[in-house]
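Participant: with the sequence up front, the predicted model follows.
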Amino acid sequence: MSKKGILVIGSSNTDMTVKTKALPRPGETVLGGVFTMGAGGKGANQAVAAQRLGGNVKFICKVGNDIFGDNSIAHYKKEGLDTAGIIRSELPSGVALISVDEHAENCIVVASGANGDLLEADIDASAKDIRECGILLLQLETPIPSVLKAAKMAHEAGATVVLNPAPACPLPDELFKYIDLFIPNETELSTFSGMPVEDVASAEKAAAAMQAKGVGKLIVTMGSKGALICEDGRSVFVPAHKVKAVDTTAAGDTFCGALCVAVSEGKSLKEAAEFACAASALTVQKMGAQNSIPFRSDINL
Ligand code: RIB
């Protein structure tokens with residue numbers, strides 16, 4: 001990969017989505033609307049977003065020897081992603097069951113399958129790509145020891161390591177010192193910092209706590225409010241575009257992919273966050289994950 005290249009290592013899922021008036025409570029059955037099936041997975045969404053938005057992207061993931069795995073690989077090739085690092089697993093391909101309510105909020109259950117089989121040996125096998133990339137973009141839908149190994153390898157090779165810590169889960173403290181750019185949402189930031197995050201002031205305090213753990217810079221995504229950049233002891237707030245959201249699935253993934261593209265082009269973090277906010281504002285206006293991710297030509301920046 002070139003030093004401007006973006007390497008995404010992460011999950012690949014097939015998303016099965018139903019729109020409902022309200023999300024079901026425990027023990028409740030609700031009748032929904034139309035069922036749709038499409039490409040998803042946080043890793044894949046971020047890779048596709050970065051590719052559509054102008055990045056030079058390689059995607060490494062693990063899929064099953066099944067029809068979902070076949071379809072996913074064919075789809076990534078069609079998107080123009082470098083798929084040479086995609087590995088087959090004995091386990092079934094990842095699947096996500098998603099409900100989306102009338103306020104565009106979702107709830108997601110992931111059957112990880114092959115994503116859970118992306119092991120440290122697979123990271124070793126991808127060492128050349130990891131050492132040669134400019135930016136390594138990671139999430140937490142694959143085993144944590146593999147995330148740690150990839151982050152350490154890229155950090156030691158001088159790449160910019162970006163972690164979107166979703167879904168939140170216990171992480172070894174060692175990981176934080178390899179992260180140049182940490183992109184949590186408010187809930188994730190609260191989980192990792194152990195502090196309440198409700199507004200810009202509390203997000204700034206929690207971000208400082210993460211920097212004390214070793215994280216470099218942070219961008220806190222704050223949903224329909226916008227994104228808070230914390231770097232070098234200063235913070236800047238970038239407001240979100242005011243749009244009518246129908247489905248927020250993959251909004252955060254689009255943000256991360258877009259952000260990495262802008263950083264790979266040498267833009268400042270503020271310019272990169274503005275670009276990422278513009279991209280995710282388009283994603284929330286359509287149903288589905290990759291179905292809703294925009295192309296560079298859709299963005300007037
Ligand atoms: O971030 C959205 C994604 O989370 C969905 O596409 C689903 O597959 C889950 O991984």
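Facilitator: That came through fine. Numbers count the residues shown, from 1 in each chain.
Participant: for stretch 71-88, the averaged confidence score.
Facilitator: Stretch 71-88 shows a mean pLDDT of 98 in the predicted model.
Participant: now do the same end-to-end measure for that stretch.
Facilitator: The straight-line separation of the ends of stretch 71-88 (C-alpha to C-alpha, to the nearest Å) is 13 Å.
Participant: next: stretch 232-246.
Facilitator: First-to-last distance for stretch 232-246 - C-alpha to C-alpha - comes to 36 Å.
Participant: which parts of the stretch 101-250 of the chain sit against the ligand?
Facilitator: Those residues of the stretch 101-250 of the chain that sit near the ligand, judged by C-beta under 6 Å from any ligand atom, are 108, 110, 141, 249-250. C-beta: built from backbone N, CA, C; applies to glycine.
Participant: okay, which residue is most central for this structure?
Facilitator: For the chain, the residue nearest the mean C-alpha position is Asp253 (3.8 Å; C-alpha atoms, centre = their mean).
Participant: using the three-state scheme, assign it.
Facilitator: Three-state call for Asp253 (DSSP: H, G, I helix; E, B strand; the rest coil): helix.
Participant: contacts only, for it.
Facilitator: Residues in contact with Asp253, defined by C-beta atoms under 8 Å, 6 or more residues apart in numbering, are 42, 45-46, 49, 164, 289, 293.
Participant: for the protein, what are the low-confidence residue spans?
Facilitator: Where the chain drops to pLDDT under 70, the residues are 1-3.
Participant: rerun at 80
Facilitator: Low-confidence segments of the chain (pLDDT under 80): 1-4, 301.
Participant: ok, Asp180 to Glu188 distance?
Facilitator: Taking C-beta to C-beta, to the nearest Å as the measure, Asp180 falls 17 Å from Glu188.
Participant: hmm, I was thinking of Ile9
Facilitator: Using C-beta to C-beta, we find Ile9 at a distance of 19 Å from Glu188.
Participant: going by proximity to the ligand, name the top residue of the chain.
Facilitator: Residue nearest to the ligand within the chain: Gly40 (2.6 Å; C-beta to the nearest ligand atom).
Participant: so how far is stretch 37-56 off the chain centroid?
Facilitator: Remark: stretch 37-56 is offset 9 Å from the chain centroid, using C-alpha atoms, centre = their mean, to the nearest Å.
Participant: higher neighbour count, Ile9 and Glu188?
Facilitator: Counted by other C-beta atoms under 10 Å, Ile9 and Glu188 do not tie: Ile9 has more neighbours, with 29 against 22.
Participant: how about the helices in the stretch 101-250 of the chain?
Facilitator: 120-125, 127-132, 144-156, 173-176, 186-193, 200-212 (DSSP state H, counting those that start in this stretch).
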